[in-house]
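A.B. asks: Provided below are the primary sequence and the corresponding predicted coordinates.
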Amino acid sequence: MTMNIHPLPPSAFKGEGMTSQRARDRLAATLKESGIRDPRVIEVIRNTPRHHFIDQALHSRAYENTALPIGHGQTISQPWVVARMTEALLEHFNGGVPQKVLEIGTGSGYQAVVLAALVGQVFTVERIEELLRQARRRFRQLGLANVRSRHDDGKLGWPDQAPFDAIILTAAGDAIPSQVLDQLSPDGVLVAPVGSPSSQTLLRIRGDGQGDFIQEELGAVSFVPLLGGIG
């Protein structure tokens, strides 16, 4: 089983106190105890400097298993949710690696960085220009060559690069946008939260290769709303 196919540079692992490797190790242990089974996902999160993706004032909380604000009414997702969504996506490939993954909602860039360590290439779309600017700076600092980003309405996906082996949405709408689902490969997988702010479910939609999709419910979650347009 491939472990971290695109490793981050050693400089990414620097930290001290509440941002040290020991803090990351505790988070990895928490994820394992909470039911995350894929060792690839646990290892990548253990080695991803989450404190780089939040304001310095919140660094002491970077490795808590909780969502944190990143401005503009958005959050960096709870590490367990990032791990579960990544694991749910990878499970579809039975130990293999999807080559093209579309992410709707770049946010801080944390989910994209986790994915980038495990897949061939990540295409990520963000509607809020300032968040995308910050995420792009982090991608450069981490030396990631397999992440491409776009400032656009996430509900439109990235049609120029379709089809995608896998698609992940990091915000919740009442339904999966049809233009996004249309960009999924016939045998691909999509993972997304769906529902109202008070009641959301994590869904996994698998293509059977024949034009039909199988939908699974993976449990209750809580995400910011999926909005259209750009800002």
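C.D. replies: Done, it's in. Numbers count the residues shown, from 1 in each chain.
A.B. asks: residue contacts, the closest residue to residue 176 other than its chain neighbours?
C.D. replies: In space, and not counting its chain neighbours, residue 176 is closest to residue 192: 5.9 Å by CB to CB, 6 or more residues apart in numbering. C-betas here are computed from N, CA, C, even on glycine. Residues in contact with residue 192, defined by CB atoms under 8 Å, 6 or more residues apart in numbering, are 104, 167, 168, 169, 172, 176, 202, 203, 205.
A.B. asks: Would you map the strands across this protein?
C.D. replies: Listed in chain order, the strands of the chain (DSSP state E) span 68-71, 74-76, 100-104, 121-126, 147-151, 164-169, 184-196, 199-207, 213-221.
A.B. asks: isn't residue 36 right next to residue 81, touching?
C.D. replies: No - look at residue 36 against residue 81 with CB atoms under 8 Å: they stay out of range, at 10.5 Å.
A.B. asks: Mind putting the strands of the chain into CSV with distance to residue 51 and mean pLDDT?
C.D. replies: Conversion of the strands of the chain to CSV gives the following (distance: least, CB to CB, whole Å; pLDDT from 0 to 100):
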stretch, distance to residue 51, mean pLDDT
strand 68-71, 10, 96
strand 74-76, 10, 96
strand 100-104, 21, 98
strand 121-126, 20, 98
strand 147-151, 19, 98
strand 164-169, 23, 98
strand 184-196, 25, 96
strand 199-207, 26, 96
strand 213-221, 23, 95
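A.B. asks: for those, which one sits closest to residue 52?
C.D. replies: Among these, the nearest to residue 52 by CB to CB is strand 74-76 (10.6 Å).
A.B. asks: Any regions of this protein where pLDDT drops low?
C.D. replies: Across the chain, the ranges flagged by pLDDT under 70 are 1-17.
A.B. asks: Check the offset of stretch 56-68 from the chain's centre.
C.D. replies: Put simply, stretch 56-68 sits 17 Å off its chain's centre (CA atoms, centre = their mean, to the nearest Å).
A.B. asks: So which bits of stretch 125-133 are buried?
C.D. replies: 125, 126, 127, 128, 131, 132 (16 or more other CB atoms under 10 Å).
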